[in-house]
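# take this sequence and fold it.
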Amino acid sequence: MNRARTRLGALPMMCAAALMLAACQGAEPEPAESQSAGPSGTSPSTSASAPTASSPESSPTQSTASPDAPSSAAPELSQMHEVHGIRFFTPEQWTAAGDDCDGECTEWDEWEIKDAQGKHVLTLIPTTATSPDGDMALYERELLDRKELENPGADTGFRPTSLIAEFWESTDQEDGEKDSGFDIALMDDEELAKRDENPDLNFFRIGEQSPMMWVEEDYLEGHGVPDEPTKQQAQQFLDTGQYALVRDILLSVEPAVG
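Numbering: from 1, shown residues only. Okay, the predicted model is just below:
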């Protein structure tokens, strides 16, 4: 009886000891839980030494600019051109020469302004020799960009002038044919203010001259603006480096005096 009692009495003590042993054994994996906080398959030492997202080592590249994005730094306009009383500036190795002149090129001829690769970018007529005669369309115009040129002074003969980037839609009065276009040119401010739906020319004034200077359609087509563009296509061109460059060239125009 006493031995049985002893065995029965020892049973709670053995159970208690077993429970304590199990509790001790169950507590051991707790450090493993803290180790498993890293990504699966990563050792504790690797997880602890991995660089944080803000450390330089974690960023494979430091530049976020897209390789296809146009450079924000426009080419320097370091080359000066003078054509029949008109001065303007372009990047180096650009040319300004008369096209198909009969003998020596005059102020009534078209002068082609080409880049270093020989691409025709802008055209200048030192004295207006064209007119909208024969144009039977009515126009709806919208200025997408306008910037006034610096006025060099009244004694130069220069009249207030703006660079304009204009989207237009036209309707022929005879057959109702629709058309659209996009012009980047210099325009006399006074003429611009009074322009209506009728056909017109983009020109400016220096003394007795009424020059015309504009960006060529072929150049625009080569940079995503088709022959009959939408307004969206015209607006997209305004965000390009090509537009920034021709804009700067047109804004550099001034009388060739002094």
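
# quick one: Gly241 from His223, how far?
According to C-beta to C-beta, to the nearest Å, Gly241 stands 10 Å off from His223. For the C-beta atoms, the positions are set from N, CA and C on the backbone; glycine is no exception.

# residue ranges in the stretch 101-250 of the chain under the pLDDT threshold?
Residues of the stretch 101-250 of the chain that meet the criterion pLDDT under 70 lie in 129.

# all strands for it, in order.
Per DSSP state E, counting those that start in this stretch, the stretch 101-250 of the chain carries strands over the ranges 111-114, 120-125, 137-148, 161-172, 178-188, 212-215.

# can you tell me the strand partners of the second one and which way each runs?
Counting by DSSP bridges, the strands paired with strand 120-125 are strand 111-114 (antiparallel), strand 212-215 (antiparallel).

# where along the stretch 1-150 of the chain do the helices fall?
2-27, 30-35, 44-49 (DSSP state H, counting those that start in this stretch).

# residues in contact with Glu82?
Ala256 (C-beta atoms under 8 Å, 6 or more residues apart in numbering).

# then Tyr243?
Counting by C-beta under 8 Å, 6+ apart, Tyr243 makes contact with Ala165, Ile184, Phe237.

# closest one to His81 out of the residues you listed, please.
Nearest to His81, judged by C-beta to C-beta, of the contacts of Tyr243 is Ile184 at 18.3 Å.

# if I look at the closest one, how far off is Lys147?
Applying C-beta to C-beta, the value for Ile184 to Lys147 is 11 Å.

# what do you get for Thr128?
Separation of Thr128 from Lys147 (C-beta to C-beta): 22 Å.

# what of Gln236?
Here Gln236 is placed at a distance of 19 Å from Lys147 (C-beta to C-beta).

# which one of those two is surrounded by more residues?
In this view Gln236 and Lys147 are compared by other C-beta atoms under 10 Å, and Gln236 has more residues nearby, 15 against 11.

# not counting sequence-adjacent ones, nearest residue to that one?
Gly224 (6.6 Å; C-beta to C-beta, 6 or more residues apart in numbering).

# and Ser66, what pLDDT?
We have a pLDDT of 38 for Ser66.

# touching, Leu251 and Lys147? I think so.
Yes - counting by C-beta atoms under 8 Å, Leu251 does reach Lys147; the two are 6.3 Å apart.

# gap between the two ends of stretch 204-218?
Distance between the two ends of stretch 204-218: 23 Å, counting by C-alpha to C-alpha, to the nearest Å.

# all numbers from here: first residue = 24
Yep, numbering from 24; the last one is stretch 227-241 now.

# give the buried residues for that stretch.
Across stretch 227-241, burial judged by 16 or more other C-beta atoms under 10 Å covers Phe227, Arg228, Ile229, Gln232, Ser233, Pro234, Met235, Met236, Trp237, Val238, Glu239, Glu240.
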